[in-house]
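>>> Here is a sequence with its predicted model. Questions after.
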Amino acid sequence: MTVFHLFSGNRGLHRTSHRWDSICWLVFGILFHCAGNISADTLLVEAGSKTVWKYLDDGSEPAADWREPNYDDTSWKTGRAPFGYGEPEVMTEIGYGENAAHKHIAAYFRHRFTAPDVRDFRELLILLRIDDGAIVYLNGKEILRENLPAGKVTSKTTAQRRINAEEEQLYHRYLVPAAALLPGNNELAVEVHQIDGNSSDLFFDMLVKAYAAGELPQRAQVVPAAREATLTFREKHYLSARTIVPDGYVDGGRGMEVDTGGSVKTGREVMVVDRQRDPELRKHIAYARSEFIAGLPPLSRARFLALYVDVQCSPAEGRHSSLAAAALVESEFREREMLLGRSVGSGICRHRALLFKVLADEAGLDAALARGNLGVDGGHTWNELLLPDGTRLIVDCMNPSGGFDFPKTTHPAAQLYLTVRNEPYYPPSKPGK
């Protein structure tokens, strides 16, 4: 996924009317207040800066009951996740002592949250990003131990192995029984341990969701009716405007593999288009089919749909936070189906492009789905819009130009779009596709 502001600051690339700007901001406000997500899960603890924790970072050994709900932590410090040092994503930098070569081994964290009626909850999904090891307690009971030895640990106990640079960037996915969860107030306690006192960095952040029986995301499977469209995009990295995205269509990224039985293998989350099972997608489709959208000429129709997709898919903190949101989604749904309607707030380009394609199909527009690279920065997915006069435009909901103008495929800016082999997607001598 590439976030690359293509058109801002280049006055000669587009014309944006003040009237369109005003309409965009008006619709943005309407959509922002209408945005919502119908979900089968219950978010208990949110990752990132919206969650406040109490923490102890002075290297001392806390009292034996530090993980219990009634422990008095008023003397502990307060901060917002993520915590640590030596990593750019850290929101609250914690202390490690006066000697950088002999840092504190352990740090301790506590967070109180409220849960609804828990009778139907069977499992907790935990997304945990740590460097290097951790033990997680819920209401005084250990529910998760990662990269630490069995038995009693102290503030001097080191992690079992060093987390490498790639692994420490990931949120790891764990499923644990929900037996320790209580209705009302709950206390989450976490101790994070380093591999040694010379470690250059420490990181801690986590997300907790509760699921009832049968609600966990399932392994993705390609149904026969959607196999042709799914494999066409996987192999050709292009889905034409003539192909209506069918129910059962899946996208697990360019590395996705599909066996003869339809089972999906990928290291990414697997988006699934299913209008019957996805109430949030049906809400988006209702907007695409609305009288307001239907009454617009094709170009204006596409611009409003692109704006809608951008509002729905951008994280609350803004499009610039998309990478962090994408990391959580990828961890939660790796090799599991994520209904397309669940892409609300996840931010990444292939979610946006697929949602635009589905909505454009429903709105009677000729829109294609394209995958390649943007500049030399890596993988990217976007759309093409074919107007009735034959003009072909680039619709990039990840990197919208001012006022959601769409450049022609013959425009100089189109040269930034490359194939998966890093060849020009729109060669100057061959305008269009």
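Right, received. Where do you want to start?
>>> Around residue 156, how many other residues sit close by?
Residue 156 has 12 neighbours, counted by other C-beta atoms under 10 Å. Using the backbone N, CA and C atoms, a C-beta is placed for each residue, glycine as well.
>>> so what pLDDT did it get?
At residue 156, the predicted lDDT confidence score is 96.
>>> Same check on residue 187?
98.
>>> Which strand or helix spans it?
Under the criterion of DSSP states H and E, residue 187 resides in strand 184-193.
>>> Quick check: residue 280 touching residue 355?
No - in this structure, residue 280 is not within contact of residue 355 by C-beta atoms under 8 Å, at 10.4 Å.
>>> Could you report the neighbour count for residue 66?
Neighbours around residue 66, by other C-beta under 10 Å: 18.
>>> where does it land in three-state SS?
coil (DSSP: H, G, I helix; E, B strand; the rest coil).
>>> Which secondary structure state does the residue lying closest to it once chain neighbours are set aside sit in?
Nearest non-adjacent residue to residue 66, counting by C-beta to C-beta, 6 or more residues apart in numbering: residue 108, 6.4 Å away. Secondary structure assignment for residue 108 (three-state DSSP): strand.
>>> is residue 108 in a bridge, and if so with what?
Beta-bridge partners of residue 108, counted by DSSP bridges, are residue 56, residue 191.
>>> Could you double-check that it lies in contact with residue 61?
No - with contact defined as C-beta under 8 Å, residue 108 does not reach residue 61; the gap is 9.5 Å.
>>> Can you verify residue 399 is assigned to a strand?
No - Residue 399 is assigned coil when assessed by three-state DSSP, not a strand.
>>> Tell me the pLDDT of it.
86.
>>> Touching, it and residue 374? I think so.
Yes - the pair residue 399 / residue 374 is scored as a contact, 7.5 Å apart, by C-beta under 8 Å.
>>> In stretch 405-425, which residues are buried?
405, 406, 407, 408, 409, 411, 413, 414, 416, 417, 418, 425 (16 or more other C-beta atoms under 10 Å).
>>> Can I get that stretch as CSV, trimmed to CA atoms?
Output of stretch 405-425 as CSV, limited to C-alpha atoms (Å, rounded to 0.1, in the frame of the first residue of the first chain):
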residue,chain,number,x,y,z
ASP,A,405,-10.1,15.3,-9.9
PHE,A,406,-9.1,12.2,-11.9
PRO,A,407,-6.1,12.5,-14.2
LYS,A,408,-6.3,11.0,-17.7
THR,A,409,-4.2,7.9,-18.4
THR,A,410,-2.3,10.1,-20.9
HIS,A,411,-1.5,12.8,-18.3
PRO,A,412,2.2,13.0,-17.2
ALA,A,413,1.2,12.1,-13.6
ALA,A,414,0.1,8.7,-15.0
GLN,A,415,3.7,7.8,-15.5
LEU,A,416,4.1,7.2,-11.7
TYR,A,417,1.8,4.1,-12.1
LEU,A,418,3.8,1.0,-12.8
THR,A,419,3.0,-2.7,-13.5
VAL,A,420,3.9,-5.3,-10.9
ARG,A,421,7.2,-5.7,-12.8
ASN,A,422,7.9,-1.9,-12.4
GLU,A,423,7.3,-1.2,-16.1
PRO,A,424,5.2,1.8,-17.1
TYR,A,425,1.5,1.0,-16.7
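>>> Let me know the average pLDDT across stretch 80-93.
Per-residue scores along stretch 80-93 average to 94.
>>> same question but for stretch 405-421, I mixed them up
pLDDT averaged over stretch 405-421 gives 92.
>>> gap between it and the chain center?
26 Å (C-alpha atoms, centre = their mean, to the nearest Å).
>>> same check, this time on stretch 44-58
20 Å.
>>> Can you name the residues in contact with that stretch?
For stretch 44-58, the surrounding residues in contact (C-beta atoms under 8 Å, 6 or more residues apart in numbering) are 62, 66, 73, 76-83, 91-92, 94-96, 104, 107-111, 113, 115, 124, 127, 129, 171, 181, 186, 188, 205-210, 324, 328.
>>> from these, which would you call buried?
Buried subset of the contacts of stretch 44-58 (neighbour count, 16+ other C-beta under 10 Å): 62, 66, 73, 76, 79, 81-83, 92, 94, 96, 104, 107-111, 115, 124, 127, 129, 171, 181, 186, 188, 205-210, 324, 328.
>>> Keep only those of these that are in strands.
Among these, DSSP state E puts 79, 83, 92, 107-111, 115, 124, 127, 129, 186, 188, 205-210 in strands.
>>> Residue 148 contacts residue 159, doesn't it?
Yes - judged on C-beta under 8 Å, residue 148 makes contact with residue 159 at a distance of 6.1 Å.
>>> And those two? Which one has more around it.
The residue with more neighbours, out of residue 148 and residue 159, is residue 159; 23 against 19, by other C-beta under 10 Å.
>>> which regions of this protein sit below the pLDDT cut-off?
1-40, 317-324, 344-347, 376-377, 401-403, 429-433 (pLDDT under 70).
>>> okay, now the domains of it?
11-39+218-418, 42-212 (automatic domain parsing).
>>> any idea how far the longest one is from the chain center?
Centroid displacement of domain 11-39+218-418 relative to its chain, using C-alpha atoms, centre = their mean, is 14 Å.
>>> what do you get for stretch 404-423?
25 Å.
>>> quick one on the thing from earlier: just list what the strand holding residue 187 packs against, helices and strands only.
strand 106-115, strand 133-138, strand 202-212 (3 or more C-beta pairs under 8 Å, 6 or more residues apart in numbering; DSSP states H and E).
>>> Sheet partners, orientation included, of the longest one?
Strands adjacent to strand 202-212 in the sheet, as given by DSSP bridges, are strand 42-45 (antiparallel), strand 83-85 (antiparallel), strand 121-131 (antiparallel).
>>> Could you export the ones you listed to CSV, including columns for distance to residue 311?
Formatted as CSV, the strands paired with strand 202-212 follow (distance: least, C-beta to C-beta, whole Å):
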stretch, distance to residue 311
strand 42-45, 20
strand 83-85, 31
strand 121-131, 25
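>>> And the helices in the stretch 301-433 of the chain?
322-332, 349-362 (DSSP state H, counting those that start in this stretch).
>>> Just name the most buried of those.
helix 349-362 (a mean of 26; mean count of other C-beta atoms under 10 Å).
>>> I would like the residues contacting that one, please.
So helix 349-362 is contacted by 1-2, 239, 244-245, 251, 253, 271, 273, 281, 284-285, 287-289, 302, 305-306, 308-310, 312-313, 340, 343, 366-371, 380-383, 385, 395-398 (C-beta under 8 Å, 6+ apart).
>>> Same check on stretch 148-159?
59-62, 104-106, 132-135, 147, 160, 191, 193-196.
>>> Go through that stretch and flag the buried ones.
Applying 16+ other C-beta under 10 Å to stretch 148-159 flags 148, 153, 155, 157, 158, 159 as buried.
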